[in-house]
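> here's my sequence, what's the structure:
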Amino acid sequence: MPILAIHDSDFETLIHASSAPVLLDFWAGWCGPCRMLAPILEEVSAARPDLLIGKINVEEEPALTEQFQILSIPTLIVFQNGRTLKRISGVHAKEEILGMIP
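Below you'll find the model as predicted:
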């Protein structure tokens, strides 16, 4: 499944209505660690085609950034059935990210 850009307008539809696990990446274009994480998320996507991966640009989506109290980027949040399961900040290995996902 491709990695999607998530916006406030489609957040509820894509995240809370998804029956698949969801991994959200809060990021910004100027963030070096965020750019380092991008190819790792591509690998995660290839390893878990059942997973919905979304990217939320913190500069373009301030309401979602505030809602999830994002204080550092990149921050990854795993959802299932609309509920937050796990959350980590920083760059992590593919195996560690896959270990977060049910």
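> now for this protein, the helix or strand with the poorest mean pLDDT.
Scoring the helices and strands of the chain by mean pLDDT, DSSP states H and E places helix 8-11 at the bottom, with a mean of 92.
> show me what whichever helix or strand comes after it is packed against.
Counting by DSSP states H and E, the next helix or strand C-terminal to helix 8-11 is strand 22-27. Applying 3 or more CB pairs under 8 Å, 6 or more residues apart in numbering; DSSP states H and E, one finds that strand 22-27 contacts helix 32-47, strand 52-57, strand 75-80. Bear in mind the C-beta positions are built from the backbone N, C-alpha and C, glycine included.
> tell me the pLDDT of Glu60.
Looking at Glu60, its pLDDT stands at 97.
> ok, it - contacts?
Contact analysis of Glu60 by CB atoms under 8 Å, 6 or more residues apart in numbering lists His7.
> helix or strand: which one has it?
Short version: Glu60 belongs to no helix or strand, going by DSSP H and E.
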